[in-house]
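Asker: Attaching a predicted model along with its sequence, questions to come.
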Amino acid sequence: MNLKHDPSHVFELVNVTKVFGADGHKTQAVQEVCLGASPGELVLLLGPSGSGKTTLLTLIAGLMKPTSGSVIIFGKNVEEYSSGELQQIRAKRIGFVFQTFLLIDSLTVSENVALVLRFAGESPADARRRARRLLRQFGIEHLAQKFPDTLSQGEKQRAAVARALANEPALVIADEPTASLESKQGFDVIQTLLAYAKQKRRCVVVASHDLRIVQFADRVLRLEDGRLVHSEANVSDRPRPLVNDPMVAGETPGKPRVTTRQESCRSSTPQCPLASIR
């Protein structure tokens, strides 16, 4: 089927279902999801543990293929990319922020950031220089030669965000980025991601069960049992917190909008009603 995707979207999921297991022991982790997002958006996938948030993020990143439906990344169906092309996309155009940070303990903070730049093709010298500059922008240059096991939780996540944004990716995927952090630390991380989306015109997708993040999002989509359902939150009359971040400071975004309509669709629908903020 020829998909009529919106060229402004960084990614699109069209009638996507993901099933794990064999006959008799099947689990539908994601069910008939339709979703698209554009540059400059921070989209929040809100749901409890086990609702399918991580599976959905994994599909968006092209780390796994759907059982049915289509995943389109940067204008092309993931089925049409070779494994090498997908690796290059993840190295250069997608940044990842994880709940457990996933910093490499045997490398310093600076080396962790530089490694991502090396994967993207930069020379060792250029990667080291850019890593230092990034750490300075994030206010953690003093941690450059420290190892992850000597850092606080907040310092680890700040280093992890610097690593995720090192290549200025078009798409940032953050899985429970505030779950291990105190309120102030979590606020700082989300402020940075919001500022990055707005100032750099990049797409940021955050999966969380943390209701504190709702006020930052352009769209809030509730995920239950693998399906996108109506959002119960309503923050349209609240001002968004000011963006004041060392990475991308200076912009004060407008008020957020919360999606309140159903965004999952049936597989027989010829074109999904993909939501997007222009």
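Answerer: Everything's here; your move.
Asker: In the stretch 51-200 of the chain, what residue spans correspond to strands?
Answerer: Under the criterion DSSP state E, counting those that start in this stretch, strands of the stretch 51-200 of the chain are mapped to 68-73, 76-77, 94-97, 171-175.
Asker: Among those, which comes closest to residue 51?
Answerer: Nearest of those to residue 51, taken as C-beta to C-beta: strand 171-175 at 12.6 Å. (C-beta placed from N, C-alpha, C; glycine too.)
Asker: just checking, what packs against the closest one?
Answerer: helix 53-60, strand 94-97, helix 183-200, strand 203-208 (3 or more C-beta pairs under 8 Å, 6 or more residues apart in numbering; DSSP states H and E).
Asker: Please compute how far the third one lies from its chain's middle.
Answerer: Meaning helix 183-200. Its chain's C-alpha centre and that of helix 183-200 lie 12 Å apart, by C-alpha atoms, centre = their mean, to the nearest Å.
Asker: And for the last one?
Answerer: A distance of 4 Å separates the C-alpha centroid of strand 203-208 from that of its chain, computed with C-alpha atoms, centre = their mean.
Asker: strands paired with the helix or strand just after that strand, and their directions?
Answerer: Scanning forward in sequence from strand 203-208 by DSSP states H and E, the next helix or strand is strand 219-224. Strand pairing for strand 219-224, determined by DSSP bridges: strand 42-46 (parallel), strand 227-229 (antiparallel).
Asker: lowest-confidence stretch among the ones you listed?
Answerer: Per-stretch mean pLDDT for the strands paired with strand 219-224 is lowest at strand 227-229 (a mean of 89).
Asker: buried residues in it?
Answerer: Within strand 227-229, the residues that count as buried by 16 or more other C-beta atoms under 10 Å are 227, 228.
Asker: wait, residue 41 sits on residue 218?
Answerer: Yes. With contact defined as C-beta atoms under 8 Å, residue 41 and residue 218 form a contacting pair (4.8 Å).
Asker: Looking at those two, which is more packed in?
Answerer: Remark: of residue 41 and residue 218, residue 218 carries more neighbours, 25 against 22, as counted by other C-beta atoms under 10 Å.
Asker: Of all the strands paired with strand 219-224, which one is nearest residue 213?
Answerer: strand 42-46 (5.7 Å).
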